[in-house]
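Trainee: Turn this into a model:
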Amino acid sequence: MSAIQTVDNLDYAFPPKPKPLTDEQKAEYKARIKQLLQDKNAVLVAHYYTDPEIQALAEETGGCVADSLEMARFGRDHDAKTLIVAGVRFMGETAKILTPEKTVLMPTLKAECSLDLGCPPDKFAEFCDQYPDRTVVVYANTSAAVKARADWVVTSSMALELVEHLDSQGEKIVWGPDRHLGGYIQKQTGADMVMWQGACVVHDEFKAKALRDMKKLHPEAAILVHPESPQNIVDMADAVGSTSQLIKASQSLPNDTFIVATDRGIFYKMQQLQPNKTFLEAPTAGNGATCRSCAHCPWMAMNGLVAIAEALEHGGEQHEIHVDPQLAKEAMIPLDRMLAFKK
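Mentor: Numbering: from 1, shown residues only. Down below sits the predicted model:
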């Protein structure tokens, strides 16, 4: 069975990139941020897709660089009273849901996610209501309100295993919001799934013909693909997986060169762990295609040094994450199920 739901005519207005800083300015802001983290009893957690200098700063100051779930869990378990989340807004919400007693700040609350924007809670609830006999499984890249409507929340690292488990129990599934990840899971498991038709603006742009052409130029390269990518890209992969799984693949595979179909922010960690290997961006343009995000999330790029310093100095409505307590309580139910399943 198949069914789809699309939010019509979504055309995302990408934010401007942060103004470039000189090396001297960068050094000044890094020093200020390090002092503010101490003064505010705060810790910086950064996603793999943020810019390399932000990931490095998180590591230098005792924070962490990870995927969205590990960011939230690190913040929950850390002694700091304030978390500053360098990522996109749903990541800040997840951190707040897991640690309601802490202050959760973001460099900017305008850092969005196309999967979140493309899955409005009211429309998704209406879609789910059409299938009352199905289990609702949503990707972590969603708002607190969408999570609250779900039975399960999943990350890309455990979505396949969870759906396989539910399918073995005879459960039929409503999946949202990423159509490519959902299609990949359905193909792997054979599960009965109806799909919300969302997509990531970064992964949706990878081009199969251009990737084949690149592979011809680098026949020795292994292709690493995030399953938010189109099926014809996934079909060419030597390894398919979440950010953390792709990082592990870059360590375990014998190849010296990798073509990577995910956000290029991940190269920081890959190169850190494998400095003698070569990592190439999978192509996002060619044959008349127009690259918009060019393998880097424009909202992730908003997490600059200036914005981090401002968040720590001023906090307030422009930076602090708030989640309605009742909504957080409802969203925590499927999040708890996910955490228990991963154990």
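Trainee: which residue ranges form the helices in the stretch 201-343 of the chain?
Mentor: 208-217, 231-234, 243-252, 267-273, 305-314, 325-342 (DSSP state H, counting those that start in this stretch).
Trainee: and the first one, what does it pack onto?
Mentor: When contacts are defined as 3 or more C-beta pairs under 8 Å, 6 or more residues apart in numbering; DSSP states H and E, helix 208-217 packs onto helix 231-234, strand 257-261. For the C-beta atoms, the positions are set from N, CA and C on the backbone; glycine is no exception.
Trainee: wait, isn't residue 256 in contact with residue 278?
Mentor: Yes: using C-beta atoms under 8 Å, residue 256 is in contact with residue 278, at 6.4 Å.
Trainee: Can you tell me which of the helices and strands packed on helix 208-217 is nearest to residue 32?
Mentor: Proximity to residue 32 (C-beta to C-beta) singles out strand 257-261 among the helices and strands packed on helix 208-217, at 33.1 Å.
Trainee: What pairs with the closest one, parallel or antiparallel?
Mentor: Sheet neighbours of strand 257-261, with direction, are listed as strand 222-225 (parallel), strand 278-281 (parallel) (DSSP bridges).
Trainee: Of the helices and strands packed on helix 208-217, give the one that comes closest to residue 30.
Mentor: Comparing these against residue 30 with C-beta to C-beta, the closest turns out to be strand 257-261 (27.2 Å).
Trainee: from the chain's centre, how far out does the closest one sit?
Mentor: 19 Å (C-alpha atoms, centre = their mean, to the nearest Å).
Trainee: helix, strand or coil for residue 161?
Mentor: helix (DSSP: H, G, I helix; E, B strand; the rest coil).
Trainee: deepest of the strands paired with strand 257-261, which one?
Mentor: Stretch with highest mean neighbour count among the strands paired with strand 257-261: strand 222-225 (a mean of 24; mean count of other C-beta atoms under 10 Å).
Trainee: hmm, who's touching that strand?
Mentor: Applying C-beta atoms under 8 Å, 6 or more residues apart in numbering, the contact partners of strand 222-225 are 206, 211, 215, 233-234, 236-241, 246, 249-250, 253, 255, 257-262, 282.
Trainee: which residues in the stretch 1-150 of the chain form strands?
Mentor: 4-5, 42-47, 64-66, 82-86, 103-105, 135-139 (DSSP state E, counting those that start in this stretch).
Trainee: For these, give me a markdown table that also has mean neighbour count.
Mentor: As requested, those are exported to a markdown table (neighbours: other C-beta atoms under 10 Å):
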| stretch | mean neighbour count |
| --- | --- |
| strand 4-5 | 15 |
| strand 42-47 | 26 |
| strand 64-66 | 21 |
| strand 82-86 | 28 |
| strand 103-105 | 24 |
| strand 135-139 | 24 |
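Trainee: Out of these, flag the one nearest residue 322.
Mentor: Among those, strand 103-105 sits nearest to residue 322 (C-beta to C-beta), with 8.6 Å.
Trainee: chain center to the closest one, what's the gap?
Mentor: 19 Å.
Trainee: could you say what helices and strands that strand packs with?
Mentor: Under the contact rule (3+ C-beta pairs under 8 Å, 6+ apart), strand 103-105 is packed against strand 82-86, helix 89-98.
Trainee: Now it: average pLDDT?
Mentor: When pLDDT is averaged over strand 103-105, the result is 98.
Trainee: tell me which residues in stretch 229-246 are buried?
Mentor: The neighbour-count check on stretch 229-246 (16 or more other C-beta atoms under 10 Å) flags 229-230, 233-234, 236-237, 239-246 as buried.
Trainee: Distance to residue 309 and mean pLDDT added to the helices and strands packed on strand 103-105, as JSON lines?
Mentor: As requested, those are exported to JSON lines (distance: least, C-beta to C-beta, whole Å; pLDDT from 0 to 100):
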{"stretch": "strand 82-86", "distance to residue 309": "10", "mean pLDDT": "98"}
{"stretch": "helix 89-98", "distance to residue 309": "17", "mean pLDDT": "96"}
